[in-house]
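> predicted model, plus sequence, below.
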Amino acid sequence: MVLRLTFLLFIFGLVPGVRSNHNVSAADGRFGNDNIVVTDGQVEEWLQRWQGRMGLDDWKVTVEIVRIWQLDPHTLGHIRWSKSSRKATIKILNPLDYRIPKERILDDMELSVVHELVHLQLSVLPLDKSTRAVEEKVVAQLANTMIALDRRSSAPQLSQAMPAGR
């Protein structure tokens, strides 16, 4: 009982030192704190780049940065779509709620956008709850692979920068 009450107080921000502001977006469209700032423009750039690469330009996709309690437990993102209207909404975790080193948060947020777009790509397949865990594993692997390939192609090629052997 005490644990439940503490949890509810924590969620509603009644415990001292806990933020209770559910609307984290600032007036300038920035999210986060402690040197982790994500702009609406940055999230939109990730969305446009990956949506185009994945051939999903015929979809109207929006991204929202949300607090941890707005997502299912143990998730970093979520997508909801309508095939008939070709509209989708992606929700990704706010930097305030991450529990990984700060230098990895932005990359992980971009990975979440890609991950959810892979789910959208697979929306043409029938949903089967019995294979949900397998689908999630495949989606994670595909998203990780795409991000890794993107990072490799945008990283300077060390072998090209070195002079020919003497």
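Received the coordinates, thanks.

> these two touch, right, S123 and S82?
No: because the distance of 9.8 Å does not satisfy C-beta atoms under 8 Å, S123 is recorded as not touching S82. The C-beta positions use only the backbone N, C-alpha and C, and glycine is treated the same way.

> which residues of the chain score low on pLDDT?
Counting by pLDDT under 70, the chain shows low-confidence ranges at 1-36, 155-166.

> show me where it has helices.
Per DSSP state H, the chain carries helices over the ranges 2-11, 40-53, 102-121, 132-154, 158-161.

> would you tell me which one of those helices is buried the most?
Mean neighbour count, computed with mean count of other C-beta atoms under 10 Å, is highest for helix 102-121 among those, reaching a mean of 20.

> from the rest of the structure, what touches it?
34-36, 38, 42-43, 46-47, 50-51, 54-56, 59, 61, 63, 65, 76-79, 81, 88, 90, 92-93, 95, 98, 100, 139-140, 142-144, 146-147 (C-beta atoms under 8 Å, 6 or more residues apart in numbering).

> geometric centre of this structure: which residue is closest?
Taking C-alpha atoms, centre = their mean, the centroid of the chain lies closest to S112, which sits 2.7 Å from it.

> could you check how far that one is from T39?
16 Å (C-beta to C-beta, to the nearest Å).

> quick one: contacts for I147?
The neighbourhood of I147, defined by C-beta under 8 Å, 6+ apart, consists of D107, E110, L111, V114.

> and those, which is closest to K129?
Distances from those to K129 were compared by C-beta to C-beta; the smallest belongs to V114, at 23.8 Å.

> more neighbours: which of S123 and S82?
In this view S123 and S82 are compared by other C-beta atoms under 10 Å, and S123 has more residues nearby, 15 against 12.

> just give the closest residue to that one, not the sequence neighbours.
Nearest residue to S123, sequence neighbours excluded (C-beta to C-beta, 6 or more residues apart in numbering): W81, at 5.9 Å.

> for the one you found, give its distance to L127.
11 Å.
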